[in-house]
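Visitor: Pasting the sequence and the predicted model now:
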Amino acid sequence: MTHTEPWLRIIEDARHYPSPHNSQPIKLRPVDSRAAEVYYDLDLGLPAESFGIPFGHVCAGVFLESLRTVAEGFGYGVAESLDHSEMDFGGTDRLHSLGTVTLTPQPVTEQAQERLQLFRARRTSRRPYDARLVPAEAIMAATEVANAGGHTFHTTSDRRTVRRLVHINQATLFSDLRKSAVYEEIMTWLRFSKEEARNRADGLSAEAMLMPGSLLRFAMTHRGLWEAPVIGGAIRAMYLNTMRGVRQLGWLEGPFGKPTDYVEAGRTFMKVWLELTAHGVWLHPFGTVITNPDSHRAFAREVAADESGDRMTWMLFRFGYSKTPPLAHRRPATSMLIGATS
Ligand SMILES: Cc1cc2nc3c(=O)[nH]c(=O)nc-3n(C[C@H](O)[C@H](O)[C@H](O)COP(=O)(O)O)c2cc1C
């Protein structure tokens with residue numbers, strides 16, 4: 001008996017869910033043709049930063065929404081039975097259980113087909129944007145999606161605030177590289193040549209970051225030089241150059257105190273991302289501004305965020321219009337399946 005279908009067909013699309021550093025940490029173990037166990041592979045996680053672990057759960061939420069979107073496009077509803085325990089990155093068991101998902105056949109609606117197409121079209125755009133403001137109706141639609149998930153979508157097009165937040169994002173990169181654990185972590189995910197990016201089929205490629213690979217490799221292996229006035233200034237200017245035309249930033253705020261919250265936040269983020277995609281808008285998450293505590297503090301202060309109780313501003317991103325960004329590779333669908341018979 002084979003258990004790989006329909007899982008392999010669904011994963012062929014679902015593996016394109018976005019993940020921080022494109023580390024693709026989610027794994028599925030099909031139980032039969034309807035049920036599968038879902039895991040977070042801790043060896044593919046990013047625990048070095050203080051909010052790296054919550055972001056593991058955010059990524060799980062992003063995946064679950066992606067899975068639902070794909071499954072519905074193929075004619076299946078998805079029931080989830082989730083396990084909301086904390087991730088233990090120090091433990092010997094490297095597969096953290098996220099729970100079980102079960103497929104139920106259902107008719108494919110036109111809306112489900114459209115959403116699957118949006119999912120396939122979505123990419124992160126780190127390209128310069130063209131300075132056009134996203135119309136109010138798109139903002140309203142994203143606001144409604146966030147509200148439905150119990151979160152608030154905020155946006156600003158105030159030039160001073162946008163410039164300030166873009167600088168906080170750039171400074172985060174410099175700050176992260178000063179911390180050895182975070183530096184080591186990012187180095188394992190950088191792909192300097194197109195060939196390496198294609199062969200490994202994961203991680204952050206120089207191409208996706210709009211940098212010549214040799215320059216990125218030199219800059220990353222000489223991080224001390226980033227502190228030097230001339231070279232540091234040149235790297236900063238090059239990075240900020242990719243942010244040309246950014247007129248608008250968005251951020252999401254809401255409950256963010258425990259794994260259930262993080263997963264639901266991730267789900268909401270994915271829905272907002274797809275909604276903006278439906279309006280022809282590209283997005284680039286500034287997740288490291290959240291995971292870096294100093295940057296998060298500076299960001300929260302800049303936007304006077306309400307972080308009372310369990311509430312947090314847990315995602316910041318730029319959004320707008322750009323040329324089509326490069327494709328980020330994915331590992332083959334089979335590498336996402338554990339122990340399936342074929
Ligand atoms: C929760 C989350 C946080 C992210 N944070 C960042 C970030 O700080 N900087 C960045 O350049 N990309 C960030 N990304 C984008 C991922 O790097 C990107 O999704 C991944 O490389 C795959 O590329 P794709 O979105 O084009 O498919 C984030 C994505 C997610 C889901």
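Guide: Done, it's in. Residues are numbered from 1 along each chain as shown.

Visitor: Nearest residue to the residue of the chain found nearest the ligand in space, ignoring adjacent ones along the chain?
Guide: Per Cβ to the nearest ligand atom, residue 287 is where the chain lies closest to the ligand, at 2.5 Å. No exception for glycine: its C-beta is placed from N, CA and C like everyone else's. Nearest residue to residue 287, sequence neighbours excluded (Cβ to Cβ, 6 or more residues apart in numbering): residue 20, at 5.6 Å.

Visitor: where does the stretch 151-300 of the chain come near the ligand, residue by residue?
Guide: Residues of the stretch 151-300 of the chain that fall close to the ligand, judged by Cβ under 6 Å from any ligand atom: 204, 285-288.

Visitor: Kindly recompute the last result at 5 Å.
Guide: Neighbours of the ligand within the stretch 151-300 of the chain, by Cβ under 5 Å from any ligand atom: 285, 287-288.

Visitor: Now do the helices for the stretch 101-250 of the chain: every range, in order, please.
Guide: Ranges of helices within the stretch 101-250 of the chain are 110-121, 136-148, 159-178, 180-189, 194-200, 213-221, 229-241, based on DSSP state H, counting those that start in this stretch.

Visitor: could you dump the ones you listed to JSON lines with mean neighbour count?
Guide: Below are these laid out as JSON lines (neighbours: other Cβ atoms under 10 Å):
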{"stretch": "helix 110-121", "mean neighbour count": "15"}
{"stretch": "helix 136-148", "mean neighbour count": "16"}
{"stretch": "helix 159-178", "mean neighbour count": "17"}
{"stretch": "helix 180-189", "mean neighbour count": "14"}
{"stretch": "helix 194-200", "mean neighbour count": "14"}
{"stretch": "helix 213-221", "mean neighbour count": "15"}
{"stretch": "helix 229-241", "mean neighbour count": "13"}
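
Visitor: would you list those helices in a markdown table and tack on mean pLDDT?
Guide: Formatted as a markdown table, the helices of the stretch 101-250 of the chain follow (pLDDT from 0 to 100):
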| stretch | mean pLDDT |
| --- | --- |
| helix 110-121 | 98 |
| helix 136-148 | 98 |
| helix 159-178 | 94 |
| helix 180-189 | 94 |
| helix 194-200 | 96 |
| helix 213-221 | 91 |
| helix 229-241 | 86 |
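
Visitor: Those helices into TSV, with extra columns for distance to residue 70?
Guide: TSV is the format used below for the helices of the stretch 101-250 of the chain (distance: least, Cβ to Cβ, whole Å):
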stretch	distance to residue 70
helix 110-121	6
helix 136-148	18
helix 159-178	30
helix 180-189	24
helix 194-200	23
helix 213-221	32
helix 229-241	34
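
Visitor: how far off helix 180-189 does the lengthiest helix in the chain point, in degrees?
Guide: Counting by DSSP state H, the longest helix found in the chain is helix 52-73. For helix 52-73 against helix 180-189, the angle by axes from the mean of the first three to the mean of the last three Cα atoms, to 10 degrees is 30 degrees.

Visitor: Please name the residues that touch the nearest residue to residue 15 once chain neighbours are set aside.
Guide: Nearest non-adjacent residue to residue 15, counting by Cβ to Cβ, 6+ apart: residue 330, 4.8 Å away. With contacts defined as Cβ atoms under 8 Å, 6 or more residues apart in numbering, the neighbours of residue 330 are 15-16, 24, 201-202.

Visitor: By neighbour count, which of those residues wins?
Guide: Neighbour tally across these (other Cβ atoms under 10 Å): the maximum, 24 neighbours, falls on residue 24.

Visitor: Let me know how buried the spatially closest residue to residue 169 that is not a sequence neighbour is, in neighbour terms.
Guide: Using Cβ to Cβ, 6+ apart and skipping the chain neighbours, the partner closest in space to residue 169 is residue 286 (4.5 Å). Look at residue 286: counted by other Cβ under 10 Å, it has 20 neighbours.

Visitor: can you check residue 12 too?
Guide: Residue 12 has 15 nearby residues by other Cβ under 10 Å.

Visitor: Check the gap between the residue nearest to residue 132 when sequence neighbours are not counted and residue 281 for me.
Guide: Nearest residue to residue 132 in three dimensions, chain neighbours excluded: residue 321, at 5.3 Å (Cβ to Cβ, 6+ apart). Residue 321 sits 7 Å away from residue 281, going by Cβ to Cβ, to the nearest Å.

Visitor: Which one's more surrounded, those two?
Guide: residue 281 (23 against 17).
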